[in-house]
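Student: when you get a sec, could you give me coordinates for this:
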Amino acid sequence: MRFIVFVKATKDSEAGVMPSEELLDAMGKFNEEMVKAGVMLDGNGLQPSAKGARVRFSGDKRTVIDGPFTETKELVAGYWLLQCKSLAEAVEWIKRCPNPHMVDSEIEIRPLFELEDFGEGEAIERHRRLDAQLKG
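Tutor: Residues are numbered from 1 along each chain as shown. Below you'll find the predicted structure:
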């Protein structure tokens, strides 16, 4: 199973405060462990929401909203994409993670839908073809 792991933002991460050398080192070691175990598929930090945008959908209308976004607790500062046998395994890995912000913080873990989770149909077959192209 694949899981997306969201490192929630803080006021400092939204202000663009970069992690300390010690935190970068600890995170690097943690990432190396996950890579060696074959768990980590991808991961990265995100720049503050001030450098981003949102697109709001309302029927056929599209509205672009430039950052920054005000609800820090709802924002993401980074992510990992993990391959684990279960949610419990993903949780065990993340419990070993260094605190990403050195203040009270949260990391959210959610399973991804796989194509096998959907029924059969032409739309799913299109997605299977696209998935095959992505995987080369």
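Student: quick one: the strands in this structure, in order.
Tutor: 2-8, 40-45, 53-58, 61-66, 76-83, 107-111 (DSSP state E).
Student: and the residue nearest the centre of the chain, what does it touch?
Tutor: For the chain, the residue sitting closest to the mean C-alpha position, by CA atoms, centre = their mean, is Tyr79 at 3.0 Å. When contacts are counted by CB atoms under 8 Å, 6 or more residues apart in numbering, Tyr79 touches Ile4, Val5, Phe6, Val7, Asp42, Gly43, Asn44, Leu46. Using the backbone N, CA and C atoms, a C-beta is placed for each residue, glycine as well.
Student: and if we set it to 6 Å?
Tutor: Phe6 (CB atoms under 6 Å, 6 or more residues apart in numbering).
Student: can you offset everything so residue one is 507?
Tutor: Got it, the first residue is 507 from now on, which makes the last one we talked about Tyr585.
Student: ok, back up a step: would you format the strands of the chain as TSV with distance to Ala532 and mean pLDDT included?
Tutor: Formatted as TSV, the strands of the chain follow (distance: least, CB to CB, whole Å; pLDDT from 0 to 100):
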stretch	distance to Ala532	mean pLDDT
strand 508-514	14	97
strand 546-551	14	97
strand 559-564	32	97
strand 567-572	34	98
strand 582-589	14	97
strand 613-617	14	98
